[in-house]
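Undergrad: Here is the input, now give the coordinates:
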Amino acid sequence: MTAVPLRPIKKGAVTWLWLGVAAAVLGAGAVAWAGTPKTVTSPTGLRYSVLKAGTGAHPADTDFVLVKYKGSLKDGTVFDQQERAPFPVNQVVPGFSEGLKQMQKGGKYRLWIPPQLGYGDRQTGPIPANSELIFDVELLDIRSQAEVQQQMMQQQLQQQLQSGAATGQPQDPSAQPGGQPQP
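TA: As a prediction, the model looks like this:
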């Protein structure tokens, strides 16, 4: 066996080595902590974290939104999820509505909805009474009530025109034989 002679180290070098290791650990912890989203608690008790900030306007009570979401309970049980769910902001549980109004298009949030802002003391489907609801929500689009109504009217008109074409009945009275409207 060959012996390798080690030189003695200067006094205090081990201390500097441990200080360097401690600084590296603290620096890594600070970087990890800074990357963790901050959780905000509103005056009503809704808690939310911004996972990804969006841009533009915030939805209002009278707006319609298109969202991707996953709803779960504290134990991880998923009770609902949708890839593209359209609905009016003011026709969901109060905590979900409040959370949506904090968001901007393209934003991703995690919402913790306390029972009093969710379903309260009543069981709803797979959701037990007095449950905190946890939602991961991505706001895909926002439309005003006027935009949605106009779009619905256009769709109804298209359906009427298509159903008239399918039955062979003209929808326009001036399209009757002879070009005269019928009484």
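Undergrad: only C-alpha atoms for contact and neighbour calcs from this point on.
TA: OK.
Undergrad: OK, contacts around Q155?
TA: Contacts for Q155 were tallied using C-alpha atoms under 8 Å, 6 or more residues apart in numbering; there are none.
Undergrad: element containing it?
TA: In this assignment (DSSP states H and E), Q155 forms part of helix 145-167.
Undergrad: Same question for R7.
TA: Here R7 sits in a region with no helix or strand, counting by DSSP H and E.
Undergrad: Return the distance of stretch 135-151 from the chain's centre.
TA: Mean-position distance between stretch 135-151 and its chain equals 12 Å (C-alpha atoms, centre = their mean, to the nearest Å).
Undergrad: average pLDDT for that stretch?
TA: Stretch 135-151 carries an average pLDDT of 91.
Undergrad: change the start of the numbering to 653 and stick with it
TA: Sure thing, new numbering starts at 653, so read that last one as stretch 787-803.
Undergrad: Kindly check the end-to-end length of it for me.
TA: End-to-end distance for stretch 787-803: 29 Å, by C-alpha to C-alpha, to the nearest Å.
Undergrad: Could I get the buried residue list for it?
TA: Within stretch 787-803, the residues that qualify as buried by neighbour count (16 or more other C-alpha atoms under 10 Å) are 787-795.
Undergrad: Same list (those) but as TSV, adding secondary structure.
TA: Shown next, in TSV, are the buried residues of stretch 787-803 (DSSP: H, G, I helix; E, B strand; the rest coil):
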residue	secondary structure
F787	strand
D788	strand
V789	strand
E790	strand
L791	strand
L792	strand
D793	strand
I794	strand
R795	strand
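Undergrad: Using TSV, lay out these together with distance to D715.
TA: TSV is the format used below for those (distance: C-alpha to C-alpha, whole Å):
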residue	distance to D715
F787	20
D788	20
V789	17
E790	16
L791	13
L792	13
D793	10
I794	7
R795	6
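Undergrad: Spatially central residue in the protein, please.
TA: A centroid search over the chain (C-alpha atoms, centre = their mean) returns V789, at 1.6 Å, as the residue closest to the centre.
Undergrad: Provide the backbone phi and psi angles at the nearest residue to it once chain neighbours are set aside.
TA: Of all residues beyond its chain neighbours, the one nearest V789 is Y721 (4.4 Å), with distances taken as C-alpha to C-alpha, 6 or more residues apart in numbering. Dihedral angles of Y721 (phi, psi; degrees, to the nearest 10) stand at phi -150, psi 160.
Undergrad: Give me the residues contacting stretch 712-726.
TA: By C-alpha under 8 Å, 6+ apart, the residues outside stretch 712-726 that reach it are 711, 730-742, 749, 753, 779, 783-797, 800.
Undergrad: Which parts of this protein are helices?
TA: Using DSSP state H, the helices of the chain run over residues 665-686, 746-754, 797-819.
Undergrad: Out of these, indicate the one that is most buried.
TA: helix 746-754 (a mean of 20; mean count of other C-alpha atoms under 10 Å).
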